[in-house]
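What follows is a predicted structure for the sequence shown.
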Amino acid sequence: MVMNLWVEEEASGLNGLDELVYRSTLLGRDRSVANWGGGNTSMKSDEVDFRGRQTTVLWVKGSGSDLATITRQGFTGLRLEDILPLLDRQEMSDAEMTAYLAHCLLDPGMPRQSIETLMHAFLPFKHIDHTHPDSIIALATSRHGEAIAGDIFGNEVIWEPYIRPGFKLAQSIASKLQKHPGAGAVILAKHGLITWGDTSHTCYEKTLQIINRAGEYIASRAADHPVFGGVKIAAAAQPQGDQMLAQALPVLRGAIGKNQHMILQLDQSPATLEFVNGMSSRQLALSGAACPDHLVHTKYVPLWVDFDPSQQSETELLAALQHGVEEYAEQYQQYYEENKTPDYPMDDPYPRVILMPGLGMLTTGKDARMADISAQLFQRAIQVMRGASGIDRYAAMTPAEAFGVEYWPLERYKLTLLPPECELARQIALITGAASGIGRALARRFAQEGAHVVIADIDLNGAQALANELCEAHGFMRSMAVACDVTSEESITEAFRQTIMTYGGLDVVVSNAGLASAHEIESTTLSEWNKMFDVLSTGYFLVAREAFRTWRKQKLGGNLIFIASKNAVVPSKKAGAYNAAKAAELHLARTLAAEGGDAGIRVNVICPDAVIQGSNIWNSTWREARAKEYGIQPDEIENYFRQRSILNVNVFPEDIAEAALFLASSRSAKTTGAMLMVDGGIPGAFVR
């Protein structure tokens, strides 16, 4: 049942547009009522236009807004007297409608109006809600939905056969209401619900009343039927299931990422597992999308992977995924050819939703937020299919109807409003030692350029704080923290596993974890020597090995960057262990560059010098030891390093981040095995 969230104390001080915002956000807060980005609300009020003249204004949700988060700025005001003459027109194309409505704006700076604007204008009610509730869509996608709606609501509700939103639909609804003035709502086949009221509060309550009456009917009828025909396949035993997925996700990401990289999200919620494990679920899922709001982000059908984790192996899962993706692309090509118009080229043919019995659902998107939206929308589709199949037979949109929405010019227009993608968009980057110093600067810069950044550090609290900062600044799941000790194989393997299970794969790895020591050779202990090599040489080897294993499965190339040191090229006295380990790092990178070329894996090295700001190394005994070696005080160290460089500059973490961004980006696509000095100019470190 949908809960009534209206609080009179909150609403009592509101009026006009603020009250419309309040009502809209209440509807959007419950995703079983309003999908992400879907639905629209309106209000008619008397306003003063730019000429100082009183006019009736239709306030309607702007295109692309989400009801859950909409503000006053998300609504568009249009002069109603300019719109109403359209009711008498015989025909009007989408392009004509859009151009006409642009002349009706109260203020030319307002957002583009909703696709459903004419519907809100043509209905003679002050407040209108158009939503896509699960229970109503279940009726709207039932084979005998009109008759069932009649059983529930009688003459109170008008049934409107499917018409794509626009002029014809708005005109048809208005005409039916004139013939049935006593009706209180409209159910749109394969689409949604329209309700209205004299006040914002009564409109909201009417919306909930219709939704809940449908929900009660479905619950009472479906109680006697096994959900999705009963259980066909049991959920995978753990940890076996997750182990399979950790191996499978990079393979899948590579298969669907041939045209453009995608971020993956795994959903193993009880409701989703109940669906993918159901006896009738395959047939339901492949019947088609329930409504336009779903398929825009999920495509017409998902990819269903025929697999049983209790009976089949990991190898068989990999084969099923690869075969399934290629078959899906071929079928999408056929779908496009059978329905295409000359206006738009074919979209990426790979699935947005992948259903795996026993394992769960994977969704894809250009970033984690869009992958999550695809998941949310298919979760709603699952509830619709559950309701429709519980009372009748599920009747999805036809391929032609779906194509008409997927390649609809008004939907395509929304894509033109999106800003250009950032330099590292769609990339997943793991950075070791990222909680402080150079690593922190790298993480911030990569996230700023659109990457999903994994903060891998032995300091998990510091890593989590940075990940939280990046998510707050750049959006949903833009970063995550993992505990990572680079001297431990198990720790590195687990860090990579968590990354893959969260985002689906990996594109960039920066080995940055470090430490330093300063002693004369005769004072250097074996423990100190081993510690330097454990972190700076063996650690870099272990991270690189895990990265190569992932990238060879993913088959999308890869980008490995080592943060070495000027000391890898020209040594400092009394730092033999550090110098030798950094030199080993450099030569390992060159070896890996030679090995990785056949798989499109690039390996490059940045050699900084004296990056003191924010560094845990320089806040340790290393500062005192270096100052003593140079015959200066510890607080003079920055000035000393600046003066010894040719450019008379200090090197900061942000300078290394810019160099790493270049090596991680497509601007360096033909560079591998390179060493980039970022040291202000140290003649002894010039490459020979």
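Happy to help now that I have it. Numbers count the residues shown, from 1 in each chain.

what's the spacing between the residue of the chain most remote from its centre and residue 592?
If you look at how far each residue of the chain sits from its centre, by C-alpha atoms, centre = their mean, the farthest one is residue 522, at 55.1 Å. Distance, residue 522 to residue 592, by C-beta to C-beta, to the nearest Å: 34 Å. For glycine as for every other residue, the C-beta is placed from the backbone atoms N, C-alpha and C.

Kindly report the same for residue 23.
59 Å.

again with residue 180
73 Å.

In terms of packing, which of those two has more residues around it?
Taking neighbours as other C-beta atoms under 10 Å, residue 180 and residue 592 compare with residue 592 leading, 24 against 13.

what's near enough to touch the more buried one?
Taking C-beta atoms under 8 Å, 6 or more residues apart in numbering, we find residue 592 in contact with 544, 548, 560, 601, 603.

Number of residues surrounding residue 186?
24.

ok, now which ones touch the residue farthest from the centre of the chain?
Listed by C-beta under 8 Å, 6+ apart, residue 522 has no contact partners.

Residue 69 too?
Contacts for residue 69 (C-beta under 8 Å, 6+ apart) come out as 25, 28.

Please point out which parts of the biggest helix by length in the chain sit buried.
If you go by DSSP state H, the chain has its longest helix at helix 314-339. Along helix 314-339, these residues count as buried under the neighbour rule (16 or more other C-beta atoms under 10 Å): 317, 318, 320, 321, 324, 325, 328, 329, 332, 335, 336, 339.

And stretch 341-357, end to end?
36 Å (C-alpha to C-alpha, to the nearest Å).

Please disregard the earlier target; I meant stretch 229-249.
So stretch 229-249: terminal residues 29 Å apart, C-alpha to C-alpha.

okay, the contacts of residue 592 in TSV with neighbour count next?
Below are the contacts of residue 592 laid out as TSV (neighbours: other C-beta atoms under 10 Å):
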residue	neighbour count
544	24
548	19
560	26
601	21
603	28
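
which of those residues lies closest to residue 73?
Nearest to residue 73, judged by C-beta to C-beta, of these is residue 560 at 44.3 Å.

And that closest one, how far from residue 248?
Per C-beta to C-beta, residue 560 is found 23 Å from residue 248.

Could you tell me how many residues sit around residue 105?
Residue 105 sits with 18 neighbouring residues when counted by other C-beta under 10 Å.

Mind splitting the chain into its structural domains?
8-222, 240-416, 428-611+650-676 (automatic domain parsing).

For these, could you give me JSON lines that also reports mean pLDDT?
Formatted as JSON lines, the domains of the chain follow (pLDDT from 0 to 100):
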{"stretch": "domain 8-222", "mean pLDDT": "94"}
{"stretch": "domain 240-416", "mean pLDDT": "94"}
{"stretch": "domain 428-611+650-676", "mean pLDDT": "94"}
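
could I get the ones you listed as a markdown table with distance to residue 233?
Listed next are these as a markdown table, based on distance: least, C-beta to C-beta, whole Å:
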| stretch | distance to residue 233 |
| --- | --- |
| domain 8-222 | 22 |
| domain 240-416 | 4 |
| domain 428-611+650-676 | 21 |
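
Of those, which is nearest residue 2?
Nearest of the domains of the chain to residue 2, taken as C-beta to C-beta: domain 8-222 at 5.2 Å.

now the end-to-end length of stretch 181-188.
Its start and end residues considered, stretch 181-188 measures 17 Å (C-alpha to C-alpha).

swap that for stretch 174-183, please
This stretch, stretch 174-183, spans 12 Å end to end (C-alpha to C-alpha).

what about it, distance to the chain center?
Relative to the centre of its chain, stretch 174-183 is centred 42 Å away, using C-alpha atoms, centre = their mean, to the nearest Å.

next one: stretch 435-449
The answer for stretch 435-449 is 21 Å, by C-alpha atoms, centre = their mean.

May I ask which helix or strand encompasses residue 118?
Using DSSP states H and E, residue 118 sits in helix 117-122.

helix or strand right after that helix?
Next along the chain after helix 117-122, taking DSSP H and E as the criterion, comes strand 127-131.

Could you export the very next helix or strand once past that following strand as PDB, keeping only the C-alpha atoms?
Following strand 127-131 in sequence order, the next helix or strand is helix 134-140 (DSSP H and E). This file holds the C-alpha atoms of helix 134-140, laid out as PDB (Å, rounded to 0.1, in the frame of the first residue of the first chain):
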ATOM      1  CA  ASP A 134       3.200  -0.200 -10.100                       C
ATOM      2  CA  SER A 135      -0.400  -1.300  -9.400                       C
ATOM      3  CA  ILE A 136      -1.900   0.800 -12.200                       C
ATOM      4  CA  ILE A 137       0.700  -0.300 -14.700                       C
ATOM      5  CA  ALA A 138       0.000  -3.900 -13.800                       C
ATOM      6  CA  LEU A 139      -3.600  -3.200 -14.800                       C
ATOM      7  CA  ALA A 140      -2.500  -1.300 -17.900                       C
END
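
can you tell me how far residue 520 sits from residue 530?
From residue 520 to residue 530 the distance is 18 Å (C-beta to C-beta).
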